[in-house]
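Asker: With the input below, show me the fold.
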Amino acid sequence: MKRVAILISGGGSNMVALLDSMTGDHPARPVLVLSNNVDAGGLEKARARGVKTAVVDHRPFKGDRSAFEQGLNKTLQAAKPDIICLAGFMRILTADFIDAWAGQMINIHPSLLPKFKGLNTHARALEAGVTEHGCSVHEVTATLDDGPILGQARLLIDPADTADSLADRVLRLEHQLYPAVMRRFAAGDKTEVCLP
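Answerer: Numbers count the residues shown, from 1 in each chain. I've put the predicted structure just below:
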């Protein structure tokens, strides 16, 4: 049984989708939800599901990313995860941290990578005039929103879509895609998951 740690910064809706999927014959179980934000709404949701939580607040480190990541590492190492899922974790991690967990860390991103890496993906998709949008799950590498793609889910952009409506629609896809990919990844299968 694989041990899973989930890193969050906010409300944790993707975290909830992952936690709720890890039941029955699933090859993994959650061992920790870790946040950089003591006020992250997802922490209470994790506790309500009986999952251990921890906080390593980034603010006291005042730009000392290495010291912050040492705190993250210490907390993660105590939980002994086999897999780390980034689920709305809004801190950029250094190559040293990523290399330490190489092959064990996955992330969900709200675009059809390699398109629209970084922030504001929905507004940028609308500005670019693309007809298709969606989300991707990928292995985490030292290059932001790069790394091998493990799954994608797509939708057609409606002419009436706004950045907010598109965000809502894509988030619903994320809640389907991330658990599907993580289940396969936990079973040792990196074949790409494609949802329509």
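
Asker: What segments of this protein are strands?
Answerer: For the chain, the strands defined by DSSP state E cover 2-8, 28-35, 53-55, 83-86, 105-109, 132-139, 149-156, 193-195.

Asker: among those, which is nearest residue 42?
Answerer: For residue 42, the closest of the strands of the chain is strand 2-8, at 4.4 Å, according to CB to CB. Glycine gets a C-beta too; all of them are placed from N, C-alpha and C.

Asker: Just checking: what are the partner strands of that closest one?
Answerer: The strands beside strand 2-8 in its sheet (DSSP bridges) come out as strand 28-35 (parallel), strand 83-86 (parallel).

Asker: Please name every helix or strand in contact with the helix or strand of the chain with the lowest mean pLDDT.
Answerer: The weakest-scoring helix or strand in the chain, judged by mean pLDDT, DSSP states H and E, is strand 193-195 (a mean of 93). Under the contact criterion of 3 or more CB pairs under 8 Å, 6 or more residues apart in numbering; DSSP states H and E, strand 193-195 touches strand 149-156, helix 163-186.

Asker: buried stuff in that strand?
Answerer: residue 193 (16 or more other CB atoms under 10 Å).

Asker: which of the strands paired with strand 2-8 sits most buried?
Answerer: strand 83-86 (a mean of 24; mean count of other CB atoms under 10 Å).

Asker: So what touches it?
Answerer: Strand 83-86 is contacted from outside by 2-7, 15, 18, 28, 76, 101, 104-108, 140, 178, 182, 185-186, using CB atoms under 8 Å, 6 or more residues apart in numbering.

Asker: and what of stretch 164-184?
Answerer: Residues contacting stretch 164-184 (CB under 8 Å, 6+ apart): 4, 13-14, 17-18, 20-21, 26-28, 83, 85, 87, 106, 108, 110, 122, 125-126, 133-135, 137, 150-155, 157-158, 161, 190-191, 193, 195.
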